[in-house]
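In: I would like to see how this sequence folds:
(one chain, ligands or ions: 1)
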Amino acid sequence: GDAGVSPESRARRLLDERARRLGPSLRLSYREPLEIIRGEGAYLVARDGRRFLDLVNNVCHVGHCHPRVVEALAAQAARLNTNTRYLHETVVEYARRLTDLLPDPLEVCYFVCSGSEANDLALRLARAATGRRGVVALEGAYHGNLGSLVEISHYKFAGPGGFECPPHVEVAPAPDVYRGRYRDGAEPARRYAGDVTVATARLADRGPPAAAFICESLLGCCGQVEPPPGYLPAAYAAARAAGAVVIADEVQVGFGRVGDAFWGFELQDAVPDVVTLGKPIGNGHPLAAVVTTRALAEAFDNGMESFNTYGGNPVSCAVGLAVLDVLEEEGLQAHAARVGDRLLAGLRQLAERHPLIGDVRGRGLFLGVELVEDRTTRRPAAAAADDLVEALKSRGFLLSTDGPAHNVVKIKPPLVIGPEDVERLLVALDEELERTEG
Ligand code: PMP
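Out: Numbers count the residues shown, from 1 in each chain. Okay, here's the model as predicted:
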């Protein structure tokens, strides 16, 4: 037992045991790792009783341990859990509810268990439909932890422990107007979309031609980048002109997070051929989905059965339905728009006073604050970003950094974050930036 053991030595023991038992490539967040034992709304509670505002969890979308979701999960788990080889009303009802949220012609669902599985299946659909193998993805992008996805994720294969870009992959520049190659220039959307054409042409010259172009609707690992207006329709058109299927990875940004739309691609009136969904879809339960067109689904139905043991089981579908109910009943998309706009405006005010802030961007509750050592050179301030995250943590706010230079502070909280939380965050950020800048 733990009686008589100090909290420090208890934490040390847990850390040591974890290091012994779990794979060493797993990482913990923060210089002093946190032991979180409870979650509620947008808050996490540590073993020592400290409460933290969770500004990074875009999985527990409608709030940690939402009672409606927990109740739906428990009730279905107590009744039955099987798989998609039996008829079940909940599964069909959930597929109907989900596809009703997507624009035509996206009407056919496949259920899987993770964002990675969704993207892997999306690639298989594209390959079956085109008879090709190549993939065009964006620089700095991450699409999942399966072998097939590490191979197309520049964020991984070009990073520590990585490898040369595989022959079936071509990387197009991220449509970043702050740090990218067409910063501040005219018509960035057209120029970045032109690079998608270039990437498909290179692939056709060199390796297997492109089966798919895959792109997040707002770019997460690239550093919370919102593509310039018109990029998605132009890039999708470029990919289709080269015969590729367009996959929108909505694993991070879907389900109302961006506020002004339910899906990220709707912000630019673009419609992909395949959409992949994950993280927020199950509020933390391992559920994910692929939604596509009838034509692509039929091309994939080539005789080989597609089956996923856990994907679309009745418990997962009950959870997915409860998440959709809560989003609707609590008006969380509109809330994300309102609270996100206030946060964005507050961050822009901070940028006026703090030269460390080079750029503030994003939509709804998917925001990024890019820190720079110098606003003219835009030299990334990665160490300052780390220090800021640690300082905010000690004040009860959980944030993290991302982007190719690790200098972008990410903000993507559960959608139930309150207006008063946002005001407290802005005050804390202001004070800590003041301190850093001396
Ligand atoms: N796509 C994107 C954009 C992601 O951010 C992630 C996870 N960070 C994935 C796919 C993979 O999802 P999972 O970890 O659920 O497999």
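
In: list the helices and strands the longest strand seen in the chain packs on?
Out: Determined from DSSP state E, the single longest strand within the chain is strand 366-374. Here strand 366-374 touches helix 332-353, strand 357-363, strand 379-380, helix 382-394, strand 408-411, going by 3 or more C-beta pairs under 8 Å, 6 or more residues apart in numbering; DSSP states H and E. Using the backbone N, CA and C atoms, a C-beta is placed for each residue, glycine as well.

In: what's next to it, contact-wise?
Out: If you take C-beta atoms under 8 Å, 6 or more residues apart in numbering as the criterion, strand 366-374 is touched by 58, 178-179, 218, 223-225, 252-253, 257-258, 340, 343-344, 347, 351, 356-362, 378-382, 384-385, 388, 402-403, 407-412.

In: How far away from the center of its chain is stretch 272-284?
Out: 9 Å (C-alpha atoms, centre = their mean, to the nearest Å).

In: what does the stretch 51-200 of the chain have sitting close to the ligand?
Out: 114-116, 119, 142-145 (C-beta under 6 Å from any ligand atom).

In: Provide a PyMOL selection command restricted to the buried entries of the residues you listed.
Out: A single PyMOL command selects the buried members of these (16 or more other C-beta atoms under 10 Å):
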select buried, resi 114+115+116+119+142+143+144
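
In: now the residues of the stretch 51-200 of the chain next to the ligand as CSV including distance to Arg190?
Out: Formatted as CSV, these follow (distance: C-beta to C-beta, whole Å):
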residue, distance to Arg190
Ser114, 35
Gly115, 30
Ser116, 32
Asn119, 27
Tyr142, 26
His143, 25
Gly144, 30
Asn145, 34
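
In: tell me the two of the residues of the stretch 51-200 of the chain next to the ligand that are most distant?
Out: Spatially, the most separated pair among these is Ser114 and Tyr142, at 13.2 Å (C-beta to C-beta).

In: Where do the helices of the stretch 151-300 of the chain begin and end?
Out: Remark: helices assigned in the stretch 151-300 of the chain by DSSP state H, counting those that start in this stretch are 154-157, 188-206, 231-241, 294-300.

In: burial of the residue of the stretch 251-400 of the chain found nearest the ligand, as a residue count?
Out: Closest to the ligand within the stretch 251-400 of the chain is Val251: 3.7 Å, counting by C-beta to the nearest ligand atom. Other residues near Val251 come to 26 when the count uses other C-beta atoms under 10 Å.

In: wait, it sits on Leu287?
Out: No - using C-beta atoms under 8 Å, Val251 is not in contact with Leu287, being 11.7 Å away.

In: Overlap of the contact sets of the two?
Out: In contact with both Val251 and Leu287: Gly278, using C-beta under 8 Å, 6+ apart.

In: Quick one, grab the pLDDT at Gly5.
Out: Rather than Gly, residue 5 is Val. What the model reports as pLDDT for Val5 is 89.

In: Would you list the phi and psi of the nearest residue to it once chain neighbours are set aside?
Out: Nearest residue to Val5, sequence neighbours excluded (C-beta to C-beta, 6 or more residues apart in numbering): Arg13, at 7.8 Å. Per-residue torsions, Arg13: phi -60, psi -40 (degrees, to the nearest 10).

In: Any figure for the gap between Arg13 and Gly23?
Out: Separation of Arg13 from Gly23 (C-beta to C-beta, to the nearest Å): 19 Å.

In: And Ala383, by the same measure?
Out: For Ala383, the distance to Gly23 - C-beta to C-beta - is 28 Å.

In: Neighbour count: the two, which is higher?
Out: Legend: neighbour count by other C-beta under 10 Å for Ala383 and Gly23, higher for Ala383 (12 against 5).

In: tell me the contacts of the more buried one?
Out: With contacts taken as C-beta under 8 Å, 6+ apart, Ala383 has no neighbouring residues.

In: per-residue confidence at it?
Out: 97.

In: and what of the one 10 residues further on?
Out: Here the pLDDT value assigned to Lys393 is 98.

In: ok, now which ones touch the residue lying closest to it once chain neighbours are set aside?
Out: In space, Lys393 comes closest to Tyr30 once its chain neighbours are excluded; the distance is 5.7 Å by C-beta to C-beta, 6+ apart. Tyr30 is in contact with 389-390, 393, counting by C-beta under 8 Å, 6+ apart.

In: out of everything not next to it in sequence, what's closest to the residue in the chain that the ligand sits nearest to?
Out: In the chain, the residue that lies nearest the ligand is Gly115 (2.4 Å; C-beta to the nearest ligand atom). Nearest residue to Gly115 in three dimensions, chain neighbours excluded: Gly278, at 3.0 Å (C-beta to C-beta, 6+ apart).
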